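>>> What follows is a protein structure lacking sequence information:
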């Protein structure tokens, strides 16, 4: 019978070697295996003016500093993901103040996308995809770190509620409620932009 594909690595022996023997080779192997998942989280929740590699390194420093805290039955990968999420949230909170999205922050393409969203247009050109994503990131930055986190995972990364639970440790109800409230806050932010004199003038000129 052929071996199963994509079998998750068994981290328990590596953890034991790192925790009990301070095995550097095992630590390097662990980093290589976990790096793709960690950097994905970091890239999705990277604060402004923070280097991706610096935050990723901080995650792994915390993982090794706290490795004695990991106990089954939680998969080690999930535990590391929670450390990564917590590190990103802490970095976002250190920014202290969430920026208010201003009209001047938007490009011409983003203004068009905003107008389409507010008018609930069902069709948009394929060229709007990049502008829509950039606008979404700017709007997400106005949210609290936890709200930004849940919407990034669910709406931008396509993760399920169960996957968000595994990474954050939140209950399914909390994930759903936080996502609902965060989407409502985004809607209010877009409507606030719609009320600006610049957009009203633009619509009047059409």
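That came in fine, so what should we check first? Everything numeric in this text was worked out from a predicted model, so none of it was measured.
>>> Could you give me the buried positions within the helix or strand containing residue 63?
Residue 63 is located in helix 52-65, with elements delineated by DSSP states H and E. For helix 52-65, a neighbour-count test (16 or more other Cβ atoms under 10 Å) marks 55-56, 58-60, 62-63 as buried. For the C-beta atoms, the positions are set from N, CA and C on the backbone; glycine is no exception.
>>> which helices and strands sit right next to the strand or helix carrying residue 178?
In this assignment (DSSP H and E), residue 178 forms part of helix 172-194. In terms of contacts (3 or more Cβ pairs under 8 Å, 6 or more residues apart in numbering; DSSP states H and E), helix 172-194 is packed against helix 108-118, helix 128-140, helix 145-151, helix 161-168.
>>> ranking those by mean pLDDT, which is last?
The minimum mean pLDDT among these belongs to helix 108-118 (a mean of 53).
>>> quick one on the thing from earlier: can you tell me which of the buried residues of helix 52-65 lies nearest to residue 190?
residue 55 (28.7 Å; Cβ to Cβ).
>>> Mind checking the pLDDT average for the helix holding residue 178?
Mean predicted lDDT for helix 172-194 stands at 81.
>>> try stretch 86-95
Here the average pLDDT along stretch 86-95 is 82.
>>> One more: stretch 59-75?
On average, stretch 59-75 scores 88.
>>> okay, now the domains of the chain?
The record's domain parsing of the chain by automatic domain parsing lists 12-93, 103-205.
>>> Now do the contacts for residue 35.
By Cβ atoms under 8 Å, 6 or more residues apart in numbering, the contact set of residue 35 is residue 56.
>>> How about residue 31?
If you count contacts by Cβ under 8 Å, 6+ apart, then residue 31 has residue 60 around it.
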